[in-house]
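Asker: My questions concern the predicted model and sequence given below.
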Amino acid sequence: MSLVDIALSWRNTEPARETRQRRVSPFDHPIVGMLFPVTLFAAWEILVRTGIVGGRLMPPPSKILFTVYTLAASGDLITHVGATLRRVAIGFTFGSLAGTALGALTGYSRLLARLLDPTLQALRAIPSIAWVPLFILWFGIFEASKVALIAVGVFFPVYLGVYGAVVGVDRRIVEVGRVFRLSGLELIRLILLPAVLPDFVLALRAGLGLGWMFVVAAEFMGASEGLGYLLVDGQQLGKPDQILAAILIFAIVGKATDSLLLIATSPFLRWRDSHRSGI
């Protein structure tokens, strides 16, 4: 009998477990998440239009959206968003791969944890801006230094999340695998990997969020395109509408990438029977 058969038989013998039905609520619609920002923007517009808030340094949302439209119409928006997306994608890939590998190794091996984890935790405490002059010295001001800075930002939350997830696997689950005489690879594939997947996805989301934060610092390093460049250009030319437009685009694109990550990983987490699944 396989582990899957045992798990299914255990679930079937649970006393008087009722089948929970998904209750449909109007608050489940994705548009509900737009209510707060739309209300905030409407209040902001009214405050500026009525003169309660000055519009020179805090332009109304209508002016910010017009700036976004102007950037899109000229083709600059696609150029800047594409450059930033490319840097985040490459940095996220390298940072998450390194963080996953080292997090899994140090979490699985007590010896490696004692050797590597103290140093990695010390490096994690270094402010992101401290890496900038070193990366410029090593890689110059071109793409390599920007990608390296983003990868560093992604690495640490992914490493910490994977390490904590592996260390926190229930000992009794591992013992069940050993009772069935699973090999090391089988133990990882059938026991450890499913157990750490929810925390791993959360770590990837945290790493992606920090990747978007670090790309701003990266694009301050002599970039000629990208959303960070729009921020610097708006500050130097005294264009608060351009600065706020870049911040708005950061928020939209960042949320879109986070949603794509959730969609891509959701098929691997359908087995979970959490309290939210029946609500």
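Answerer: Received, thanks.
Asker: quick one, strands of the protein?
Answerer: Using DSSP state E, no strands are found in the chain.
Asker: Might you list the low-confidence residue ranges for it?
Answerer: For the chain, applying pLDDT under 70 flags the ranges 1-30, 184, 271-279.
Asker: Show the contacting residues for Asp170.
Answerer: Ala195 (CB atoms under 8 Å, 6 or more residues apart in numbering). Every C-beta, even on glycine, is put in place using the N, C-alpha and C of the backbone.
Asker: All further residue positions should be reported with the first residue as 325.
Answerer: OK, 325 is where the count begins now, so the last one is Asp494.
Asker: how much space between it and Gly501?
Answerer: Using CB to CB, to the nearest Å, Asp494 is found at 11 Å from Gly501.
Asker: likewise Ala569?
Answerer: 53 Å.
Asker: Tell me which of those two has more neighbours.
Answerer: Ala569 (26 against 17; other CB atoms under 10 Å).
Asker: residues contacting that one?
Answerer: Ile388, Leu389, Thr391, Val392, Leu395, Leu554, Gly558.
Asker: Mind doing that once more with 10 Å?
Answerer: Residues near Ala569 by CB atoms under 10 Å, 6 or more residues apart in numbering: 383, 387-395, 401, 551, 554-555, 558, 563.
Asker: Mind listing the shared neighbours of Asp494 and Gly501?
Answerer: Ile515.
Asker: Would you mark the buried spots in stretch 401-409?
Answerer: Leu401, His404, Val405, Ala407, Thr408, Leu409 (16 or more other CB atoms under 10 Å).
Asker: Please produce CSV containing those residues, extended by distance to Arg594.
Answerer: Formatted as CSV, the buried residues of stretch 401-409 follow (distance: CB to CB, whole Å):
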residue, distance to Arg594
Leu401, 36
His404, 37
Val405, 32
Ala407, 36
Thr408, 32
Leu409, 28
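Asker: In helices only, show me those residues.
Answerer: Of the positions in the buried residues of stretch 401-409, Leu401, His404, Val405, Ala407, Thr408, Leu409 sit in helices, assigned by DSSP state H.
Asker: Looking at those, which is nearest Ala468?
Answerer: Comparing these against Ala468 with CB to CB places Ala407 closest, at 14.5 Å.
Asker: tally of neighbours for Tyr551?
Answerer: To be clear, residue 551 is Leu; Tyr isn't right here. 26.
Asker: just Thr391 next, same as before
Answerer: Residues lying near Thr391 (other CB under 10 Å) number 23.
Asker: cool, the one 4 residues further on as well?
Answerer: Per other CB under 10 Å, the neighbour tally for Leu395 reads 20.
Asker: mind checking how far it is from Lys579?
Answerer: Separation of Leu395 from Lys579 (CB to CB) stands at 19 Å.
Asker: which residues in the stretch 375-524 of the chain form helices?
Answerer: 385-398, 400-432, 434-448, 452-463, 467-491, 495-503, 508-511, 517-543 (DSSP state H, counting those that start in this stretch).
Asker: Please identify the buried residues of the third one?
Answerer: Buried residues in helix 434-448, defined by neighbour count with 16+ other CB under 10 Å: Ala437, Leu440, Asp441, Leu444.
Asker: Outside of that helix itself, list whatever touches it.
Answerer: Helix 434-448 is contacted from outside by 423, 426-431, 433, 455, 476, 479-481, 483-484, 487, 490-491, using CB under 10 Å, 6+ apart.
Asker: If we use 8 Å, what do you get?
Answerer: For helix 434-448, contacts defined as CB under 8 Å, 6+ apart pick out Leu426, Leu429, Thr430, Gly431, Phe480, Tyr483, Leu484, Tyr487, Val491.
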